[in-house]
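In: Let's see this in three dimensions:
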Amino acid sequence: MLQPFEEPASDLSGILGKHIIYTYSNGWEYEMYYKNSDTVDYKVRSGSVGGRVVKGQKVSIRQLQTALPSEKVEASESEISSYMISWVEPTGTSVVQVLNLNRREVRTVILFPDWVVKEPLKTVCFQNEHLDLMRSYRDQGPTYPIHPKIMLGRLDFIEHCTSDNEHVINPH
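Out: Numbering: from 1, shown residues only. A predicted model of the protein is given here:
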């Protein structure tokens, strides 16, 4: 029996181990590695927080399908290659990302706390070396108003890494 807020497991074999680079329509470029079922590494390659690097970010990943598991509906190949990934950063920023690997599309909603919008350069670092500082900025705020950004982009590069040691997003 599922616990409250728990979702049934989904097949993540199509995304785990993937290393991708994508560019949003506003020119921001990101590099991401889907390490395992609950962890990603990423680097912001350009944009207002270009240079920001995060390793070991805890996430929730689900494969998207058109029907609930109890329904007998065939999913198309493009739907099977779609995944939703969500996480909350130590900065207080919340992210929901939808990837369609076959169509090479990324759609993301980023909910920025007010302090990040006002002072984005505070987040540009190898975050793992500054977790306490990021949390203190978050706690000092201001958090509100939250600034939602809807981002649409294109996957420029996709590769599959066969082991964790094979892929490293360089923090420096």
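In: biggest strand in this protein, by residue count?
Out: Taking DSSP state E as the criterion, the chain has its longest strand at strand 147-160.
In: what packs against that strand?
Out: Judged by 3 or more C-beta pairs under 8 Å, 6 or more residues apart in numbering; DSSP states H and E, the packing partners of strand 147-160 are strand 18-24, strand 105-112, helix 114-118. Where C-beta positions appear, they are placed from N, C-alpha and C, glycine not excepted.
In: 10 Å - rerun?
Out: strand 18-24, strand 29-36, strand 94-100, strand 105-112, helix 114-118 (3 or more C-beta pairs under 10 Å, 6 or more residues apart in numbering; DSSP states H and E).
In: The residue nearest to Pro148 when sequence neighbours are not counted and Gly50: what is the separation?
Out: Among residues not flanking Pro148 along the chain, Leu111 sits closest, at 5.4 Å (C-beta to C-beta, 6 or more residues apart in numbering). When distance is defined by C-beta to C-beta, to the nearest Å, Leu111 is 20 Å away from Gly50.
In: Let me know which of the helices and strands packed on strand 147-160 is the nearest to Phe126.
Out: Comparison of the helices and strands packed on strand 147-160 against Phe126 by C-beta to C-beta identifies strand 29-36 as nearest, at 13.8 Å.
In: Quick check: which ranges of this structure have low pLDDT?
Out: 1-3, 66-80, 163-168, 172 (pLDDT under 70).
In: Can you give me the buried ones in the lengthiest helix in the chain?
Out: As assigned by DSSP state H, the longest helix anywhere in the chain is helix 131-140. By neighbour count on 16 or more other C-beta atoms under 10 Å, the buried set for helix 131-140 is 134, 137-138.
In: okay, those residues in JSON lines with distance to Asp156 next?
Out: Output for these, formatted as JSON lines (distance: C-beta to C-beta, whole Å):
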{"residue": "Met134", "distance to Asp156": "28"}
{"residue": "Tyr137", "distance to Asp156": "31"}
{"residue": "Arg138", "distance to Asp156": "31"}
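In: So which of these is the closest to Asn128?
Out: Set against Asn128, the nearest of the buried residues of helix 131-140 by C-beta to C-beta is Met134 (9.8 Å).
In: How about the closest one: what's its closest non-neighbour residue?
Out: Counting by C-beta to C-beta, 6+ apart, Pro90 is the residue found nearest to Met134 once chain neighbours are left out, at 4.2 Å.
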